Structure formats: C-alpha cells, structure tokens
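1. Got a sequence here, can you model it:
(one chain, ligands or ions: 5)
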Amino acid sequence: MPSIYKSKLRSFLPVPISKRFLSSEWIALVSVSMTVFLFIHTQILTARIEEIKQEALTAAAAFSAHENHLSSVSQEKSRGDFSGNNAHSNAQEQSSSDQQVTLSSGNQHRHRQYLHAKKKYNATALNNTRNSEKETLFFNRVPKVGSQTLMDLMQRLSVANGFLFHRDKTQKVETIKMTYYEESRLTTMVDMFTPPSVYVKHTCFSNFTRHGYSMPIYMNIVRDPIERVISWFYYIRAPWYIIERKQVFPELPLPHPMWLKKDFETCVLSGDRECMFIPGEYHDGVGDHRRQTMFFCGHDEKCVEFNGEWAMQKAKRNVEKHYAVVGVLEEMDITLKVLENYIPRFFAGAFNVYHDNLSSMVKINKNMYKPPVSEQVKNILRQNFTNEIEFYEFCKQRLHMQHAAVNNL
Ligand SMILES: *[C@@H]1O[C@H](CO)[C@@H](O)[C@H](O)[C@H]1NC(C)=O
Ligand SMILES: *[C@@H]1O[C@H](CO)[C@@H](O)[C@H](O)[C@H]1NC(C)=O
Ligand SMILES: *[C@@H]1O[C@H](CO)[C@@H](O)[C@H](O)[C@H]1NC(C)=O
Ligand SMILES: *[C@@H]1O[C@H](CO)[C@@H](O)[C@H](O)[C@H]1NC(C)=O
Ligand SMILES: *[C@@H]1O[C@H](CO)[C@@H](O)[C@H](O)[C@H]1NC(C)=O
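-> Ligands and ions are numbered 1, 2, ... in the order given. This is a model prediction of the structure:
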C-alpha cells in the first residue's frame, strides 16, 4: 500500500508515532513554525517560546507550540549561520530570451497583450529541462497545493516511465528554511540518487551549484495565494485534523470552542491577529501558509519577509532560470500537458494516466467544513498579498506560454 494511502488510515491504526509524521499538513505546520522561529533574534530561546505561548491566545498557536519546541534544536544550530548568503543575493541573472525578459518586468497587463498577439513562442527557449546535466527531478513542493495527487501520479508513472521515486524521510521537524550546512547535506543526498530519479520534499529552492553539484530539474505547483490561506484556516479546524493531532500529541490542549467557531470573514473583518497579513513581517506567530513565494526564493533570510518585493523578484528569476515547470493547481490539465511536453522523461503519458485513473487517485483533501468567503473579504486580503499574487500570476503566465509554444509547433 503506498504510503500516501496510509495517511487516511493511520489515525485508526496503532502505528508508531514516527509514521504519523507523514502527514504533509502536519509537516507543513511544523515547518512554518520553524521558519517563524528562525528569525527571532533573541538570546534566550526558551524564554521566547514562553513569551510566544503567552501571546498566542488562539488554540491554533497552542497546538503548534509543541513543534516550536521541537524546532528549537535546529534553531540553535542555525544561529549566525548565514555567511555566504549575500553572494547569492547579489546574483543578477540575465534572461536569455525576450519572452523571459517580458515576464521579469512584472508588467502583467503588457504581458497579457503579448499572449494575445499570438506570437509564436519558442519552446526551446522556455525549456529549462535541456539545461540540466542530470536526470534528477526535484519537486520542492509547496504545502496546500494538492501535491498529494501529483505524487500519486508520479508513483504510477515511475513504473511506466522507469524512474525511481523518493520522498522526504519521515522526520519530526521538517526544515523548509535551512542553514547552509543543512542545505549542503540535502544537496549531497539529492545528488547521490541514481538517475533517473524523482525527489519530493517541502523545502525552499536550493542552489546546487553553490554546493558543488549540478542543478537538478526543478518543478513545483502553485495555488492562488488567497485560496491557500483560506484553505489552511479551515483545514486546521476540521474535525479529522484535530483528532489526528490529539492522537499524536495527547498532552496538547484541545482547541477552544470559540476558536473553532471562528469564521474566516469575521476573523479578517474584526482584525483578529490570526487573520492579519502584514507585509514586511518576518514573524507573525501563526503557523499558516501565507508565504508561497519563499519556496521559490530560497533559503536566504530575506526570502521570509511576507509579501516582500525582493523575495518575489528572486523567486521569479529562479523560476525563469531553474524551474522546468511550475504548474498551477487551478489549471491541472494545462499543467499536465506542459509537464508531459517539457519533462517527458518523467511525465510521458501523464495526462491519460491522470484522467483514466482519476477515480482511484488520492484526492486533494477536500474540506466540506469550508464555507465560502465573499469577494469583498478576498479583496481586502488581495491588497496585502500584492507580491504573492504577482508571483502566482507570473507562474500562470509562464505556464500558458509554455503551453502555447508546444501547441504552435
Ligand atoms: C529558440 O531558442 C533557442 C534557444 O534560446 C535558440 O537557439 C533558437 O535559435 C530559437 N529559435 C527560434 C526560431 O527563434
Ligand atoms: C525539453 O527538453 C527536454 C530535454 O532535453 C526534451 O526531452 C523535451 O522534449 C523538450 N521539450 C520541449 C517542448 O522542447
Ligand atoms: C548559484 O551559485 C552559483 C555559484 O555560487 C552562482 O554563480 C549563481 O549565480 C547562483 N545562482 C542562483 C540562482 O542563486
Ligand atoms: C494589511 O496590511 C496593513 C499594513 O500594511 C495592516 O494594517 C492591515 O491590518 C492588513 N490587513 C489584513 C487583513 O491583514
Ligand atoms: C491508468 O491509466 C493508464 C492508461 O492511461 C493505464 O495504462 C494504467 O494501467 C491505469 N492504472 C493505473 C493504476 O495507473
């Protein structure tokens, strides 16, 4: 039985605790808490943990306090370990094709016209797969973008297309934002996989060149940033999620009924801390998923700034230069077609395998406890997610160009 199926059953089975950590959402929560903690510039970490526990009036924070504690070990290791990051932030990469330059300008309006003009796109220029020296595909997956389904698909394809499928080992603390040494260990491990191989892990983009290895083929999936935070808000309030957490950590308090009854709209409109998304913040005390761009920006400290301009530009450059495909959850069919065409070694036949076996695929965790959120509230949020949205639109447009390029051939 593939491990992804186990996640559905594990709350009912007496499996060892370590197995329970397979849940990607759990891992993601840990990771975000981790990120939050990496940037607390305080000497006495334990004191700060207590302080944050005080601040955290919501049961969500109470629930994540345990992970914060776990991640403190790594935090200690990582202090003062950002040497060398500056070199990488100064990198000014020049795009090679005119199409890419247009994208980089971030002028979405001009770009839309550009797409409209039915210009012939050059699939070769948009194909980063051809630049990689090694047939190792690295899917540094963003949480809450439906990647369970894609992993199921990749496992099926690994048989048909003859490649090895690896995913991150079960561990207590999933480190999304790594220190130089952790990155070094990760890149060494990924480089050791026998090609053709796929490796899947929740982590920020790593520059393999900097660690002395050739770049793998990068891929990822993005989702509308506003939908992602709404999804997370209701996900952590879903009954199955709370029960699973309680089973893993019986010592943690149950969430307060008032917290459970919160709805997203009221939360935003009343200025509740949990639903405040303040641009420029590095630490928001809530382990949610507001930072999608960070996964593409990298492990640099500046990548953690919420809705940061620098992080967004860096993320765009990395996508242009190093990502073979960044799919879009809302456009699964185009995503599959582009994956098939640009990374055929791994994704040949993906579209048909997906559609012919849809009924037996691991489903995106659809949450029936998620009420609709009004456009008015979404618009309030959009004002604070400008760079996150720009990055998402950028990925979507690039995907469309790649799609158009192969259809025009
Ligand atoms: C397409 O792009 C590639 C790589 O940049 C280039 O070598 C090739 O000449 C381009 N083809 C056309 C028709 O522009
Ligand atoms: C992209 O490059 C890969 C590797 O060279 C190749 O297999 C694939 O067919 C190319 N796709 C397109 C659309 O050029
Ligand atoms: C990756 O590292 C190499 C070597 O340090 C550097 O030349 C390159 O600009 C870096 N690329 C990115 C995307 O940071
Ligand atoms: C949006 O950001 C501003 C600060 O720039 C902040 O005052 C406001 O509370 C934020 N709104 C939300 C809904 O997070
Ligand atoms: C899925 O669909 C393909 C045909 O598109 C088929 O060959 C394969 O056996 C199906 N089953 C699974 C488990 O992937």
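
2. if we look at the helix or strand hosting Met151, which residues are touching it?
-> Assigned by DSSP states H and E, Met151 belongs to helix 147-161. For helix 147-161, the external contacting residues (C-beta atoms under 8 Å, 6 or more residues apart in numbering) are 2, 4, 24, 139, 141, 163-165, 167, 198, 200, 221, 327, 345-350, 353-354, 357, 361-365. Using the backbone N, CA and C atoms, a C-beta is placed for each residue, glycine as well.

3. now the end-to-end length of stretch 132-149.
-> 26 Å (C-alpha to C-alpha, to the nearest Å).

4. just for the chain, where's the confidence low?
-> 1-119, 169-174, 285-288, 364-366, 409 (pLDDT under 70).

5. ok, back up a step: can you select the buried ones among the contacts of helix 147-161 for me in ChimeraX?
-> Applying 16 or more other C-beta atoms under 10 Å to the contacts of helix 147-161, the buried members can be selected in ChimeraX as follows:
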select :4,24,139,141,163,165,167,198,200,221,327,346,347,348,350,353,354,361,362,364,365
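
6. Now intersect the contacts of helix 147-161 with the strands, please.
-> 139, 164-165, 167, 198, 200, 221, 327 (DSSP state E).

7. Just the buried residues of the helix holding Met151, please?
-> In helix 147-161, counting by 16+ other C-beta under 10 Å, buried: 147-158, 161.

8. ditto for stretch 368-381
-> 373, 377-378, 380-381.

9. for stretch 264-280, same thing?
-> 264-265, 267-268, 274-275, 277.

10. try stretch 302-321
-> 302-308, 311-321.

11. Among the buried residues of stretch 264-280, give me the pair with the biggest separation.
-> Glu265 and Phe277 (14.4 Å; C-beta to C-beta).

12. Val248: neighbour count?
-> By other C-beta atoms under 10 Å, 16 other residues sit near Val248.

13. Can you report phi and psi for it?
-> For Val248, the backbone dihedrals (degrees, to the nearest 10) come out as phi -80, psi -40.

14. so what does the helix or strand harbouring Glu227 touch, helix or strand wise?
-> Assessed by DSSP H and E, Glu227 sits inside helix 225-235. Other elements packing on helix 225-235 under the criterion 3 or more C-beta pairs under 8 Å, 6 or more residues apart in numbering; DSSP states H and E are helix 264-269, helix 375-382, helix 386-407.

15. Of those, give the one that comes closest to ligand 5.
-> The minimum distance between ligand 5 and these falls on helix 386-407, with 19.9 Å, by C-beta to the nearest ligand atom.

16. which strands and helices sit next to the closest one?
-> By 3+ C-beta pairs under 8 Å, 6+ apart, helix 386-407 packs against helix 98-104, helix 108-116, strand 217-222, helix 225-235, helix 309-322, strand 323-328, helix 332-342.

17. Any chance of the ones you listed in TSV with distance to Ala405 as columns?
-> Formatted as TSV, the helices and strands packed on helix 386-407 follow (distance: least, C-beta to C-beta, whole Å):
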stretch	distance to Ala405
helix 98-104	9
helix 108-116	11
strand 217-222	17
helix 225-235	26
helix 309-322	14
strand 323-328	12
helix 332-342	9
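
18. Quick one: closest of the ones you listed to ligand 1.
-> Comparing the helices and strands packed on helix 386-407 by C-beta to the nearest ligand atom, helix 98-104 comes nearest, at 9.4 Å.
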